[in-house]
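Enquirer: what's the 3D shape of this:
(chains A, B and C)
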Amino acid sequence: MLPKQNRLKARQDFTTVYQKGIRLNRFALGLRAYRHVVQPQALQPLRVGISISTKVSKRAVVRNRIKRQLRSILRQLLPRLENGWDVVIVVYPNALQCDYPEFLQQLKQLLAQTEILHGD
RNA sequence: AGAGCAGGCGAGGCGGUUGCGGUGUAGUGACGGCAUGUCAUUAUGUUGAGGAAAGUCCGGGCUUCCCAAAGACCAGACUUGCUGGGUAACGCCCAGUGCGGGCGACCGUGAGGAUAGUGCCACAGAAACAUACCGCCGAAGUUUUGGACGCUGCGUGCAGUUCUCAAGACUGGCAAGGGUGCAAAGGUGCGGUAAGAGCGCACCAGCAGCAUCGAGAGGUGCUGGCUCGGUAAACCCCGGUUGGAAGCAAGGCAGUGGGGCAAAGGUUGGUCUUUUCCCUGUCCCGUUGAUGAGCCGCUUGAGGCGUUUGGUAACAAACGUCCCAGAUAGAUAACUGCCCUCUUUGCGCCUCGGCGUACAGAGAACAGAACCCGGCUUAUGUCCGGCUCUUUCC
RNA sequence: GUAGAAGUAGCUGAUGAGGUCUUAGCGGCGAGUUGAAGCCUCGCAGAUGUGGGUUCGAGUCCUACCUUCUACA
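Expert: Numbering: from 1, shown residues only, chains lettered A, B, ... in the order given. Presented below is the predicted three-dimensional model:
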């Protein structure tokens, strides 16, 4: 689990990200991101949600495992991510063929493209 | 050695580093209605998925509504349906009976009633529930034809006629055989008969009665008359069970002041009886708190484990002991060490298919709690001893 | 999580409450017509989601699964 302040939970937040956010897709993952327009000193922490439907796999074991792996990656990257964003990661059926290093690579690329991820 | 049949245990073990959920203790910060409350965070201790958590097919607990409780009868609903037991309950489990299958270990079984009634049984076939198409018979009756013997009459080879024989027709007797079909009126054999038929007898199957064994379903034996299609996972009858509906997305989350209305009201499919019961109920306004979030429900339970006793068993009782997930966009992930097990390959030993050793690989399969239990069903990898049959050797 | 509905030719549908072998439209294939194609005419092939059971006989009755869809804050 991520820290509570970094979780995206409310249904309203998800819909605003889907409607107003930018979109990016990779082989197995998609990214929706929305930047809050507020005063810089009052920036909220970055919040992340993961969306994975039963179309990816009907088995809950598979879906939960993918979510855990993605959360584990995000936890490692969290100190390097910029505040003020709401992010939703969408998982596509291609993810069944991927393993942990591939998720790591794709997620890094997506976050770097949107400039949420700081350089090393 | 091969083929097979029923089970049982468990779901690899001990760790390390970085992280997550619950909870206890201690600290820090913020809020604050000042309550050792809420949120965040730090340290530390402890704890953290399954045998099916799954399908949602049954049975309960729990909650709300249908305005209280109990009882009787009727109606309705329920595929509930061999017997006895177990259980909180069940459509579940255990033990047994009958029937069916298998050489066997063993397996399956929706197994009340077809003589309470109704319906259906296509095509074929004479006929599908009580009939006769082909056929068999000539016993009985009527009648036709022909023949022989006899009798009567006379014109002596013709006519008539009784009985008998043969053939045919109608009435009749039969259900053995043929054919049809999933199914045809008990089956096989012998006798019997005009031909036949349980008409008689023997054995077998079925039915009824009696005796006996058993708690019972039923088993065994004897006797008897004479034989009755299938379908109830068709309607139905009988027995049995039974308040209904919704489902944790159920449902709950304040205190206080004032005023109005109703005086008797309230049964759950129907009717009736009894008992008391329940009591104030409901609406409006003011006030502080609370706006769809948070909290409670939420995990101590028909609980787990062990021992003893009772029981063939399912299971029950007693005693001891333990507290064992409670998340809410939903907690278990990433990397890695050692041991153990298995597999491949190499080397060595010998009794030649086993043992020892080294390296490498794998530890999987099915699969993720969402209010909680008891079952069923489905998915699925390893190991462990049992039992049966066949073959070979000693 | 809970509750419910439906699966029939390639697609969209129908099927008198068990009876042989059901069946419509579009599409496919073949033949005819045409110089060739289209339209038209004639013909053909092709399915009851899967497994088990009841029955002489299941699309239909019973049962276990599979798939798809819907509703509920």
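
Enquirer: Quick check: nearest residue in space to residue A:107, chain neighbours excluded?
Expert: Counting by C-beta to C-beta, 6 or more residues apart in numbering, residue A:107 lies nearest to residue A:73, which is 5.5 Å off, once chain neighbours are set aside. Using the backbone N, CA and C atoms, a C-beta is placed for each residue, glycine as well.

Enquirer: hang on, the one you found packs against residue A:102?
Expert: No - when contacts are counted by C-beta atoms under 8 Å, residue A:73 is not listed as touching residue A:102 (10.8 Å).

Enquirer: circling back: contacting residues around the residue nearest to residue A:107?
Expert: Going by C-beta atoms under 8 Å, 6 or more residues apart in numbering, residue A:73 touches A:100, A:103, A:104, A:107.

Enquirer: ditto for residue A:106
Expert: A:26, A:27, A:28, A:29, A:98.

Enquirer: And the residue nearest to residue A:107, which helix or strand is it part of?
Expert: helix A:60-77 (DSSP states H and E).
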